[in-house]
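S.K.: Provided below for reference: sequence and predicted model.
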Amino acid sequence: MMFKGTFDIKSALKNEPLFYIWESCANKSTDFRKTFTDELEKELYIDHPLYGLEVDIIARHASDDCLFKITHSNQVCVVHLTWKQATEISPYPLTQIYESLDAWYETDYIPDFFCILGIPSDLSFFEQNVIGYAIGFIGNKDFENYIYTLERTACQLTEDEYLTFIALDFNNKFEVLIAFNQWFRKKFNDARYDLLEMNKRFNK
């Protein structure tokens, strides 16, 4: 990812391949994708909100949830297929419709991603950059340059914290993460929020 001194973790997630329990179907074969659209068609009853609509699969979840794009519309939907291979009875297959793919990202994917990695929901610009570095969106050199150009007071760093950070060897990511993790854990005072754990979960 190109880093130009500005980083927004939500935008980064929307522009990167899907992670973790979601798998993109963009590069899957036509037959593979048809398996899911055919199953959906079999399960739909006349009053189901997707009945009669054309869809294409975007991604699938580790469970039986599938993310479909509704053709000729901006809408997408998450459907929990039952794999009954026959018409279902209301309310199945359970379906959630979103006005756009962006709405799905904001409502479902990003909150789940934050929960899995242990990322706080309300982050300053500086904190987003630190997390972006921790999980690998921002490289060593870019992060080092960013730290050197910081205005200490704007990031609410003490003088000691700032001096500690600019003295780090940014070629040693583990050393840098340890230093920033001490600051991060102190700031949020919550055991769920740990940069080393974020790095481990994201890169497993």
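M.R.: Yep, it's here. Numbers count the residues shown, from 1 in each chain.

S.K.: from here on, contacts and neighbour counts on C-alpha atoms
M.R.: OK.

S.K.: which helix is the longest one in the protein?
M.R.: Using DSSP state H, we find that the single longest helix of the chain is helix 173-188.

S.K.: neighbouring contacts of it?
M.R.: 130, 134, 140, 161, 164-165, 168-170, 191, 193-196 (C-alpha atoms under 8 Å, 6 or more residues apart in numbering).

S.K.: among the residues you listed, who's most crowded?
M.R.: residue 134 (27 neighbours; other C-alpha atoms under 10 Å).

S.K.: just how off-centre is the helix or strand harbouring it within its chain?
M.R.: Using DSSP states H and E, residue 134 sits within helix 125-135. Centroid displacement of helix 125-135 relative to its chain, using C-alpha atoms, centre = their mean, to the nearest Å, is 14 Å.

S.K.: same question, stretch 192-204
M.R.: Relative to its parent chain, stretch 192-204 has a centroid offset of 14 Å by C-alpha atoms, centre = their mean.

S.K.: Do a quick rundown of the helices in the protein.
M.R.: Going by DSSP H, the chain shows helices at 9-14, 30-43, 101-104, 110-117, 125-135, 140-148, 159-166, 173-188, 195-202.

S.K.: Deepest-packed of the ones you listed, please.
M.R.: Most buried of the helices of the chain, by mean neighbour count (mean count of other C-alpha atoms under 10 Å): helix 125-135, with a mean of 20.

S.K.: Could you check how far residue 62 is from residue 135?
M.R.: Applying C-alpha to C-alpha, to the nearest Å, one obtains 22 Å for the distance of residue 62 from residue 135.

S.K.: now residue 92
M.R.: To residue 135, residue 92 is 38 Å away according to C-alpha to C-alpha.
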